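Colleague: What would the 3D arrangement of this be:
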Amino acid sequence: MVTNTNEDNVALLDRLRLQLVPGVGPRILQLLLEHVGSATEILGTSRHRLLEVPHVGHNVADAIVQAISRDAAREIVDRCRWLGISLIERGDPVYSPLLEEIPDPPDLLYLKGQFEPVDQVAVAIVGSRRCTAYGRRMTKVIAGGLARAGLTIISGLARGIDGVAHRAALAAGGRTIAVMATGVNRIYPPEHAELADTISRFGAILTEARLDQGPLPGLFPQRNRIISGLSLAVIVIEAGRRSGAQHTARHAIEQGRDVLAMPGPVDSLASQGCHDLLRDGARLVTCVDDILEELGPLMKPVQIGTAPPIHIPRELTLDDRERQVLEIVGPDPRHLDELLRASPLDEPTTLAVLTGLELSRLVRRLPGSYIVRAG
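Modeller: Numbering: from 1, shown residues only. I've put the predicted structure just below:
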């Protein structure tokens with residue numbers, strides 16, 4: 001994995017110093033970066049100049065001026081290395097391109113585990129901490145099915161739906177990422193320490209919170225923007241009307257992500273938040289196929305191993321023959337006769353596979369026997 005923890009990397013050390021300044025949250029940091037410049041420039045600027053930045057008051061300006069030294073930051077970097085934790089800077093090759101495009105992306109992430117190319121084809125599953133048997137059952141079905149299809153499952157390591165989603169993805173042999181509101185060295189809730197360790201070996205745990213940060217109420221809504229930011233869509237399974245899952249859904253809407261909700265029994269208080277989302281325009285889902293149908297084209301094709309690049313998440317479910325035929329169908333219309341000549345399969349098989357791809361809405365047939373890739 002590419003990681004930038006070189007002790008001589010001044011930019012990394014200054015990003016870490018700035019992140020540890022009390023009062024500098026995601027929005028303030030974004031304003032500082034926009035109005036002053038890099039972390040090094042922010043830490044080197046005058047108190048007077050800092051006070052000119054919108055929403056930066058005297059306390060924050062004083063705290064920036066008094067930020068920890070580079071030597072102190074270097075000690076934290078060394079400790080992270082000893083604990084097997086990588087510091088991922090914004091702009092690093094492994095930094096998620098999906099996360100990069102949200103309004104206030106984290107400038108620095110603590111990562112234990114590994115990011116993989118397939119993690120760009122990820123969905124978030126969130127819901128109530130006090131979930132019902134119905135919520136647990138449906139989460140296992142959805143998370144397990146999506147993981148088997150090849151999608152990465154993202155959630156928040158919380159009790160209830162989050163924990164069930166992580167475990168179901170792991171049980172299916174898939175990847176899962178846990179985004180925490182606490183530090184990587186302070187797993188919360190404590191009973192999920194073993195789960196977090198397993199996730200770090202078969203996926204990743206990450207956070208923007210300082211290494212030993214304990215749980216604070218304000219950090220959880222802030223964390224939720226990263227859950228949605230890493231995902232193509234957010235799936236809500238059981239949520240109350242004022243739940244953290246609702247906050248994640250709102251972040252998803254602001255970030256231009258799809259919001260999908262699973263209905264529950266009409267008289268269930270545990271599903272009231274889902275029903276509200278559905279009433280307000282969230283897409284109703286009842287099974288894995290519903291979700292795969294809703295996921296549109298990726299920002300850019302994702303290369304996973306030696307297989308052809310993935311353009312649409314549904315392509316992850318294709319077999320080798322379907323992938324071979326889909327690969328010769330491009331974004332520009334090609335005549336059926338040309339495709340038959342280019343296909344590595346015999347003509348009857350190619351025709352049958354093209355029909356299947358058309359039924360799956362991965363290709364479209366145009367007038368004059370022309371075919372084009374959907375999306």
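Colleague: For the rest of this, base every contact and every neighbour count on C-alpha atoms.
Modeller: OK.
Colleague: which stretches of the stretch 151-300 of the chain have low pLDDT?
Modeller: The model of the stretch 151-300 of the chain has pLDDT under 70 over residues 299.
Colleague: So which residues of it form strands?
Modeller: Assigned by DSSP state E, counting those that start in this stretch, the stretch 151-300 of the chain shows strands spanning 152-155, 176-179, 203-207, 233-237, 258-262, 283-284.
Colleague: Who are the packing partners of the shortest one?
Modeller: The elements that strand 283-284 packs onto, with contact taken as 3 or more C-alpha pairs under 8 Å, 6 or more residues apart in numbering; DSSP states H and E, are strand 258-262.
Colleague: Tell me the strands beside the strand it packs on, with direction?
Modeller: strand 233-237 (parallel), strand 283-284 (parallel) (DSSP bridges).
Colleague: Distance from the first one to the middle of the chain?
Modeller: Its chain's average C-alpha position is 12 Å from that of strand 233-237, according to C-alpha atoms, centre = their mean, to the nearest Å.
Colleague: again, but for the shortest one
Modeller: Taking the mean C-alpha point of strand 283-284 and that of its whole chain, the gap between them comes to 20 Å (C-alpha atoms, centre = their mean).
Colleague: So what touches it?
Modeller: Strand 283-284 is contacted from outside by D258, V259, L260, A261, M262, P263, L278, using C-alpha atoms under 8 Å, 6 or more residues apart in numbering.
Colleague: Of those - the most surrounded one?
Modeller: A261 (29 neighbours; other C-alpha atoms under 10 Å).
Colleague: how many other residues sit next to P190?
Modeller: 10.
Colleague: Could you do D212 as well?
Modeller: 12.
Colleague: Same question for D337.
Modeller: Other residues close to D337 by other C-alpha under 10 Å number 11.
Colleague: which element is it on?
Modeller: helix 336-342 (DSSP states H and E).
Colleague: Tell me the buried residues in that helix?
Modeller: Across helix 336-342, burial judged by 16 or more other C-alpha atoms under 10 Å covers L336, L339, L340.
Colleague: Which strands and helices lie in contact with the helix or strand harbouring E41?
Modeller: Counting by DSSP H and E, the element that carries E41 is helix 39-44. Applying 3+ C-alpha pairs under 8 Å, 6+ apart, one finds that helix 39-44 contacts helix 10-19, helix 26-35.
Colleague: what is the orientation angle of the last one with helix 10-19?
Modeller: Here helix 26-35 points in a direction 130 degrees away from that of helix 10-19 (axes from the mean of the first three to the mean of the last three C-alpha atoms, to 10 degrees).
Colleague: re earlier: now, of the strands paired with strand 258-262, which is deepest in the fold?
Modeller: Ranked by mean neighbour count under mean count of other C-alpha atoms under 10 Å, those are led by strand 233-237, which reaches a mean of 29.
Colleague: Run through the residues that contact V353.
Modeller: V353 touches R321, E322, V325, counting by C-alpha under 8 Å, 6+ apart.
Colleague: Mind checking what secondary structure it has?
Modeller: Taken by DSSP: H, G, I helix; E, B strand; the rest coil, the conformation at V353 corresponds to helix.
Colleague: three-state assignment of R130?
Modeller: With three-state DSSP as the criterion, R130 reads coil.
Colleague: so it touches G160, yeah?
Modeller: Yes: taking contacts as C-alpha atoms under 8 Å, R130 lies within contact range of G160: 5.7 Å.
Colleague: measure C80 to D212 for me?
Modeller: As judged by C-alpha to C-alpha, to the nearest Å, C80 and D212 stand 11 Å apart.
Colleague: again, but for V118
Modeller: Distance from V118 to D212, by C-alpha to C-alpha: 29 Å.
Colleague: Tell me which of the strands paired with strand 258-262 sits nearest to A72.
Modeller: Checking the strands paired with strand 258-262 against A72 by C-alpha to C-alpha gives strand 233-237 as the closest, at 38.3 Å.
Colleague: For the closest one, C-alpha coordinates in PDB please.
Modeller: Below are the C-alpha coordinates for strand 233-237, written out as PDB (Å, rounded to 0.1, in the frame of the first residue of the first chain):
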ATOM      1  CA  ALA A 233     -25.200   5.000  -2.400                       C
ATOM      2  CA  VAL A 234     -26.400   4.900   1.200                       C
ATOM      3  CA  ILE A 235     -28.800   2.200   2.200                       C
ATOM      4  CA  VAL A 236     -30.900   2.800   5.300                       C
ATOM      5  CA  ILE A 237     -32.300  -0.300   7.100                       C
END
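Colleague: contact partners of it?
Modeller: Applying C-alpha under 8 Å, 6+ apart, the contact partners of strand 233-237 are 122-128, 135, 138-139, 161, 228, 245, 248-249, 252, 257-263, 271, 274, 295.
Colleague: Let me have the strands paired with strand 258-262 in TSV, adding distance to A374 as columns.
Modeller: Listed next are the strands paired with strand 258-262 as TSV, based on distance: least, C-alpha to C-alpha, whole Å:
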stretch	distance to A374
strand 233-237	19
strand 283-284	21
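Colleague: Quick check: phi and psi on the residue sitting nearest the centre point of the chain?
Modeller: Closest to where the C-alpha atoms of the chain average out (C-alpha atoms, centre = their mean) is L230, at 1.9 Å. Per-residue torsions, L230: phi -80, psi -10 (degrees, to the nearest 10).
Colleague: Kindly state the neighbouring-residue count (a burial measure) for G91.
Modeller: 12.
Colleague: In three-state terms, label it for me.
Modeller: Quick answer, by three-state DSSP: G91 is coil.
Colleague: separation between it and L195?
Modeller: Between G91 and L195 the computed distance is 29 Å (C-alpha to C-alpha).
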